[in-house]
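> Mind folding the following:
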Amino acid sequence: MKDIHTLLAALHRPRLLMRAARIGAQTYRRDGHLPRLLGYGVLPRHGAALIQLVEMEAELEQHRAQTGTGYNVVRHVDVLIAIVGEAAALRAAQSGPQLVS
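The predicted structure follows:
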């Protein structure tokens, strides 16, 4: 199985979708965003959330590429925003606390 960093590195989407996701990720709030996508309750850790989000996004991408009918671009961007935000949070958590001199 691929690790989460490999999955994220392999994620290539249309430029406009990713640009919208990066802009939206600037105001990403985990507590408000994730429950809407993953369901309410205890939020998973960053890695587990990312795996679920990548699976959701793969389905949306497949639907976008194959049929186009009934495709929800707003939901797709919403999931991409969460992926970008969670990936940034995971990187920050893995790098540990930063010392200020």
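
> In contact with Ala25, which residues?
By C-beta atoms under 8 Å, 6 or more residues apart in numbering, the contact list for Ala25 reads 81, 84-85, 88. The C-beta positions use only the backbone N, C-alpha and C, and glycine is treated the same way.

> hmm, try it at 10 Å
Contact partners of Ala25, counting by C-beta atoms under 10 Å, 6 or more residues apart in numbering, are 33, 80-88.

> do Gly39 as well
Contacts of Gly39 (C-beta under 10 Å, 6+ apart): Gln52.

> Backbone dihedrals for it, both of them.
When read as degrees, to the nearest 10, the backbone of Gly39 gives phi 100, psi 150.

> coming back round to it: which of the contacts of Ala25 tops the neighbour count?
Taking other C-beta atoms under 10 Å to define a neighbour, the member of these with the most is Glu86, carrying 28 neighbours.

> mind checking how far that residue is from Arg30?
7 Å (C-beta to C-beta, to the nearest Å).

> Find residues that contact each of these two.
With C-beta under 10 Å, 6+ apart, Glu86 and Arg30 have common neighbours 46, 49.

> what does stretch 27-37 contact?
With C-beta under 10 Å, 6+ apart, stretch 27-37 has contacts from 21, 24-25, 40-44, 46, 49, 52-53, 56, 75, 78-79, 81-86, 88-89.

> returning to that earlier point: just give me the closest of the contacts of Ala25 to Gln62.
Nearest to Gln62 among those: Leu80, at 14.4 Å, using C-beta to C-beta.

> Surely that closest one touches Ala58?
No: applying C-beta atoms under 10 Å, one finds Leu80 not in contact with Ala58, separated by 11.6 Å.

> So for those two, which residues contact both of them?
Jointly contacting Leu80 and Ala58 under the rule C-beta under 10 Å, 6+ apart are Leu11.

> so how far is the lengthiest helix in the chain off the chain centroid?
The residue-count maximum for a helix in the chain (DSSP state H) belongs to helix 73-95. Computed by C-alpha atoms, centre = their mean, to the nearest Å, the chain-centroid distance of helix 73-95 equals 3 Å.
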